[in-house]
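Colleague: turn this into a model:
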Amino acid sequence: MLKEEEHSIMRRITELGVEHRDLDRVIAAMSRQSHVDQLLLRRLKKRKLFIKDMITKLRSLLIPDLDA
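Modeller: Next comes the predicted model:
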(Lines give C-alpha, C1' and ligand atoms only; values in the text may rest on other atoms or scores of the structure.)
Protein backbone atom coordinates (compact mmCIF):
# COMPACT_ATOMS: atom_id res chain seq x y z
CA MET A 1 0.00 0.00 0.00
CA LEU A 2 1.28 3.44 -0.87
CA LYS A 3 1.98 5.98 1.85
CA GLU A 4 -0.54 8.32 0.24
CA GLU A 5 -3.25 5.64 0.49
CA GLU A 6 -2.35 4.97 4.12
CA HIS A 7 -2.54 8.67 4.90
CA SER A 8 -5.93 8.93 3.19
CA ILE A 9 -7.28 5.97 5.16
CA MET A 10 -5.96 7.34 8.45
CA ARG A 11 -7.50 10.73 7.71
CA ARG A 12 -10.87 9.07 6.98
CA ILE A 13 -10.62 7.06 10.22
CA THR A 14 -10.04 10.33 12.10
CA GLU A 15 -13.03 11.99 10.42
CA LEU A 16 -15.27 9.03 11.20
CA GLY A 17 -13.99 8.97 14.79
CA VAL A 18 -15.04 12.59 15.25
CA GLU A 19 -18.49 11.88 13.81
CA HIS A 20 -18.80 8.80 16.06
CA ARG A 21 -18.00 10.84 19.18
CA ASP A 22 -20.40 13.60 18.12
CA LEU A 23 -23.19 11.07 17.63
CA ASP A 24 -22.40 9.56 21.03
CA ARG A 25 -22.87 12.96 22.67
CA VAL A 26 -26.11 13.66 20.80
CA ILE A 27 -27.51 10.22 21.63
CA ALA A 28 -26.60 10.62 25.31
CA ALA A 29 -28.24 14.07 25.45
CA MET A 30 -31.38 12.84 23.71
CA SER A 31 -31.61 9.84 26.03
CA ARG A 32 -31.75 12.15 29.03
CA GLN A 33 -34.77 14.01 27.67
CA SER A 34 -38.22 13.03 28.85
CA HIS A 35 -39.78 13.32 25.39
CA VAL A 36 -37.54 11.98 22.69
CA ASP A 37 -38.17 11.07 19.07
CA GLN A 38 -37.56 7.33 19.24
CA LEU A 39 -37.29 6.97 15.47
CA LEU A 40 -34.60 9.64 15.28
CA LEU A 41 -32.77 8.11 18.23
CA ARG A 42 -32.84 4.68 16.56
CA ARG A 43 -31.52 6.15 13.29
CA LEU A 44 -28.68 7.92 15.10
CA LYS A 45 -27.72 4.71 16.88
CA LYS A 46 -27.71 2.81 13.58
CA ARG A 47 -25.54 5.51 12.01
CA LYS A 48 -23.15 5.32 14.96
CA LEU A 49 -22.88 1.54 14.59
CA PHE A 50 -22.32 1.89 10.83
CA ILE A 51 -19.50 4.34 11.47
CA LYS A 52 -17.92 1.99 14.01
CA ASP A 53 -18.01 -0.82 11.44
CA MET A 54 -16.45 1.45 8.80
CA ILE A 55 -13.64 2.41 11.17
CA THR A 56 -12.96 -1.27 11.85
CA LYS A 57 -12.86 -2.08 8.13
CA LEU A 58 -10.55 0.83 7.38
CA ARG A 59 -8.20 -0.13 10.21
CA SER A 60 -8.03 -3.66 8.85
CA LEU A 61 -6.83 -2.23 5.51
CA LEU A 62 -3.83 -0.75 7.30
CA ILE A 63 -2.72 -4.15 8.61
CA PRO A 64 -0.16 -5.58 6.20
CA ASP A 65 -0.83 -8.98 4.67
CA LEU A 66 1.61 -11.58 5.91
CA ASP A 67 2.52 -14.50 3.69
CA ALA A 68 2.10 -17.74 5.59
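
Colleague: how many neighbouring residues does His7 have?
Modeller: 10 (other CB atoms under 10 Å). Where you see a C-beta, it was placed from the backbone N, CA and C, and this is true even at glycine.

Colleague: from Ile63, how far out is it?
Modeller: 16 Å (CB to CB, to the nearest Å).

Colleague: what does Leu39 give?
Modeller: 37 Å.

Colleague: repeat for Asp22
Modeller: 27 Å.

Colleague: which one of those two is surrounded by more residues?
Modeller: Using other CB under 10 Å as the criterion, Asp22 and Ile63 rank with Asp22 on top: 12 against 7.

Colleague: find me the pLDDT at the more buried one, would you?
Modeller: On pLDDT, Asp22 comes in at 98.

Colleague: so where is the chain shaky, pLDDT-wise?
Modeller: 66-68 (pLDDT under 70).

Colleague: what residues are up against the nearest residue to Ser31 once chain neighbours are set aside?
Modeller: Nearest residue to Ser31, sequence neighbours excluded (CB to CB, 6 or more residues apart in numbering): Leu41, at 7.2 Å. By CB atoms under 8 Å, 6 or more residues apart in numbering, the residues touching Leu41 are 27, 30-31.
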